[in-house]
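# have a look at this prediction, sequence included:
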Amino acid sequence: MTGRYRVFRVLFMGFALSCFYVFPAAADISLPRLISSHMVLQRDMKITIRGWAAPDEKISVDFHGRIEHAVAGKDGKWNVILAPMPAGGPFTMTITGKNKIVLTDVLLGDVWFCSGQSNMVLPMERIKEKYPDEAGRDSFPEIRNYFVQEKLDLTRVHDDLPEGKWVSATGSNLLSFGGLSYFFAKALYQKYHIPIGIINSSVGGYPIEAWMSTDALGQFPAKDSLLKNIHDSPYINHLMRVRADKKSAPPVEVTDQDKGLTGPLRWTDPAYVPEKWHSFWLPGYWTDQGVKGLHGIVYFRKEITVPYSMTGVPAKLFLGRIVDADSTFVNGKFVGNITYQYPPRRYSLPPGLLKPGKNTIVIRVTNSAGKGGFVPEKNYSLVANGEKIDLRGDWIYQVGQVLEFPGAESHESDDYDPRTSATGLYNTMVAPATSYAIKGILWNQGESNTGHAREYALLLPALISDWRKKWNEGDIPFLYAQLPGYGEVEYAPSESDWAELRQSQLEAMKLPRTGMAVAIDAGEWNDLHPLNKKDVGQRLALWAEHITYGSDEPDYSGPVFRSCQKDGSRIILQFDHTGTGLAIKGGGELYYFSIAGADKKYVWAKAKIEGEKVIVWSDKIPDPVSVRYAWANNPEGANLYNKKGLPASPFETNNCH
């Protein structure tokens, strides 16, 4: 499911549900969902405990040897303020009025609000093969996670978060933690041994505008019409009707004309004998292998020989990533399916399914847009009993059905603009948490804004400033991940929306108590959701140690461009955060610097380190004025680091004099 389809689904649900929202029963005390057993409360800060009760009802909160009192207002709302307390626990909290609520296993520690897109959502379950030791063995009862369920509402600010619960980083619960936030929390916990609470409020596919309040967006006159539209019920109803009409009229009923399902034998049946099928090299896309402009259903088939030693035991089938949906069969038995392109295909095979000798794998792929097929450089293998069969290589395929998908060639085929989700996630997934005291904020978002990359340089600081005002805790540390490398490598200097957005993210560091983890080396050219969440989480933890914990470690960030100076035909670059010194990763020469004159036509440049400076030049540009570093969607090979191994941020200079 694409982000734009998901936005409409959630927009409709949020709008509809808001019409039936029921406040807690007036006769009983009730609490926001965050305030529950197993929660982590922020140490060393005043803590607000709030809830609902009958008007004028007297409430007491008993916690850690202290009792505070409140009286519910005419609207039924009440709150008490608990004095700052040091880290510790577990404790019990008792809230008493006409009824009594007892919360157990409550810890005092540091709470981090984590938000953004799918790379903040991506759970440990998705990366468990990359980090088998952590996913299978880690157990940290004092690291807790509250995952906020997805909900969007443009109509009003909510009083409470969607459904969720606090869970510990133990056993199978660990797999539900966001990978980036988990590695961040683990690094801090192992160093400071203080309980860590993570509130993960993230949704894939949404632009930053969805996470901004009306106050924040109201700073931008260009957003006036947007704000007007999203608060205009007829307009929103129109958008929902357009989308509903399109969804209610699918192009073709898939099973009606699919040749693979309608013949005497289904093509997934092991007894089926394929005739006149075509050769296919897996992984790859069928557009690149002789099939032009096809959107539909394509079957892929391979016979493999399995040794006796791999049979009679559980097995795992890895099929990389498939664009878009698949249903997979082994020896005629359905073993799993995924309905959209991003999740890795990892299907469990029961003992007895594989047999010694010949076995058949059939994959039924449905594609509705873009290039259908199998994403390269992923894991395509069959694993059992410690042995592995490589599935890359020769397969055969046949087209089951050609489908007419509306808008298959373009995601912009209707009048939907994802920015019409503006404020919708803030209202439901951020605002209700702003009364909950926190240590800081983690942010990992930007992919959905690359089409308006320069605007992000204004939007991100506006979000940071507004969230700080809403939490009312001063300059709360705001730490964020820069976009990783993604996409095909280009071997000539070129323009790049992703590089533009990284520059916008870099400029947001001008705000106090912000920190940015550079992630260009933690991406994957063929995956919007790279698996390397450990490096990024640990780099964010280094920033947290510096800003919030008083660490004097000099290498908490990679080099960040500060200024440039022209020296004849050379440009001298100076950096902040050089720490213990600049370095070239892997040795050799500096790579991915480009230089331009006044015409801004960039060419590759030579570069060298001199102390804490980098000197850049090219014989082709006798009068240079600008330099770029790692300026590409995927700047593979960019190698300016510091001596601790932290990469320099990509950047573009202003005119150098």
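Good, I have the coordinates.

# once you drop chain neighbours, what's closest to Gly171?
In space, not counting the residues next to it along the chain, Gly171 is nearest to Ser139; the distance is 7.3 Å by Cβ to Cβ, 6 or more residues apart in numbering. For the C-beta atoms, the positions are set from N, CA and C on the backbone; glycine is no exception.

# OK, contacts around that neighbour?
When contacts are counted by Cβ atoms under 8 Å, 6 or more residues apart in numbering, Ser139 touches 169-171, 174.

# for the residue nearest to His38 when sequence neighbours are not counted, what are phi and psi?
Beyond its immediate neighbours in the sequence, the residue positioned closest to His38 (Cβ to Cβ, 6+ apart) is Trp166, lying 3.9 Å away. Here the main-chain torsion angles of Trp166 (degrees, to the nearest 10) amount to phi -80, psi 130.

# which SS state does Phe183 fall under?
At Phe183 the chain is in helix, as set by DSSP: H, G, I helix; E, B strand; the rest coil.

# neighbours of it, how many?
Applying the criterion other Cβ atoms under 10 Å, we find 25 residues in the vicinity of Phe183.

# now do it against His38, distance only.
Using Cβ to Cβ, to the nearest Å, one obtains 21 Å as the distance from Phe183 to His38.

# again with Glu275
From Glu275 across to His38, the span is 60 Å (Cβ to Cβ).

# who's in contact with the residue nearest to His38?
If a contact means Cβ under 8 Å, 6+ apart, then Trp166 has 36-40, 144-146, 197 as its contacts.

# try 6 Å
Shown here is Trp166, whose contacts under the criterion Cβ atoms under 6 Å, 6 or more residues apart in numbering are 38-39, 144, 146.

# tell me which of the residues you listed fall in helices.
Cross-referencing the contacts of Trp166 with the helices (criterion: DSSP state H) gives no overlap at all.

# circling back: give me phi/psi at the residue nearest to Gly171?
Main-chain dihedrals, Ser139, degrees, to the nearest 10: phi -150, psi 110.

# tell me the spacing between it and Gly164.
Counting by Cβ to Cβ - Ser139 and Gly164 are separated by 22 Å.

# show me where this protein has helices.
Assignment of helices within the chain using DSSP H yields the ranges 3-18, 118-121, 132-137, 179-192, 214-217, 224-230, 233-247, 254-257, 259-262, 424-425, 456-471, 497-507, 534-548.

# how about JSON lines for the contacts of Trp166, with distance to Phe318 and neighbour count added?
Shown next, in JSON lines, are these (distance: Cβ to Cβ, whole Å; neighbours: other Cβ atoms under 10 Å):
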{"residue": "His38", "distance to Phe318": "35", "neighbour count": "19"}
{"residue": "Met39", "distance to Phe318": "38", "neighbour count": "22"}
{"residue": "Arg144", "distance to Phe318": "32", "neighbour count": "25"}
{"residue": "Tyr146", "distance to Phe318": "32", "neighbour count": "25"}
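
# in contact with Glu377, which residues?
Residues touching Glu377, when contacts are defined by Cβ under 6 Å, 6+ apart, comprise Asn526.

# what separation do you get for it and Ile361?
Using Cβ to Cβ, we find Glu377 at a distance of 20 Å from Ile361.

# now swap in Leu175 and tell me
Counting by Cβ to Cβ, the gap between Leu175 and Ile361 amounts to 27 Å.

# the two: who's more crowded?
Neighbours per residue (other Cβ under 10 Å) separate Leu175 from Ile361, with Ile361 holding more: 20 against 17.

# that one: what's its closest spatial neighbour, skipping adjacent residues?
Sequence neighbours aside, Lys302 is the residue nearest to Ile361 in space, at 5.1 Å (criterion: Cβ to Cβ, 6+ apart).

# now do the closest residue to Asp269 other than its chain neighbours, the pLDDT please.
Across the structure, with Cβ to Cβ, 6+ apart as the measure, the residue nearest Asp269 apart from its sequence neighbours is Gly332 (5.3 Å). The pLDDT attached to Gly332 in the predicted structure is 96.

# got it, and Glu488?
Confidence per residue is given as pLDDT, and for Glu488 that number is 91.

# what stretches of the chain score poorly on pLDDT?
1-27, 231-233, 235-256, 405-420 (pLDDT under 70).

# mark out where each domain of it begins and ends.
What the record gives for the chain is the domain set 256-402, 560-652, from automatic domain parsing.

# now distance to Pro530 too, for those domains, in JSON lines please.
Below are the domains of the chain laid out as JSON lines (distance: least, Cβ to Cβ, whole Å):
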{"stretch": "domain 256-402", "distance to Pro530": "11"}
{"stretch": "domain 560-652", "distance to Pro530": "11"}
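
# out of the ones you listed, nearest to Leu501?
Each of the domains of the chain has some distance to Leu501 by Cβ to Cβ; the shortest is domain 560-652, at 10.1 Å.

# show me how far the closest one is from its chain's centre.
When distances are taken as Cα atoms, centre = their mean, to the nearest Å, domain 560-652 is centred 29 Å away from the chain's centroid.

# centroid residue for this protein?
Ranked by distance to the mean C-alpha position of the chain (Cα atoms, centre = their mean), the top residue is Asn119 at 1.7 Å.

# longest strand anywhere in this structure?
strand 100-116 (DSSP state E).

# and it, what's buried?
For strand 100-116, a neighbour-count test (16 or more other Cβ atoms under 10 Å) marks 101, 103, 105-116 as buried.

# ok, Gly400 touching Gly296?
No: the criterion here is Cβ atoms under 6 Å, and Gly400 misses it with Gly296 at 7.2 Å.

# and for these two, which residues touch both?
Contact criterion Cβ under 6 Å, 6+ apart; residues shared by Gly400 and Gly296: none found.

# quick one: stretch 168-177 to chain centroid distance?
For stretch 168-177, the gap between its own C-alpha mean and the chain's C-alpha mean amounts to 18 Å (Cα atoms, centre = their mean).

# again, but for stretch 70-82
Computed by Cα atoms, centre = their mean, the chain-centroid distance of stretch 70-82 equals 37 Å.

# again, but for stretch 176-194
Taking Cα atoms, centre = their mean, the mean C-alpha location of stretch 176-194 is offset from the chain mean by 17 Å.

# now swap in stretch 75-89 and tell me
The chain centre lies 32 Å from the centre of stretch 75-89; the measure is Cα atoms, centre = their mean.

# alright, I will stop here.
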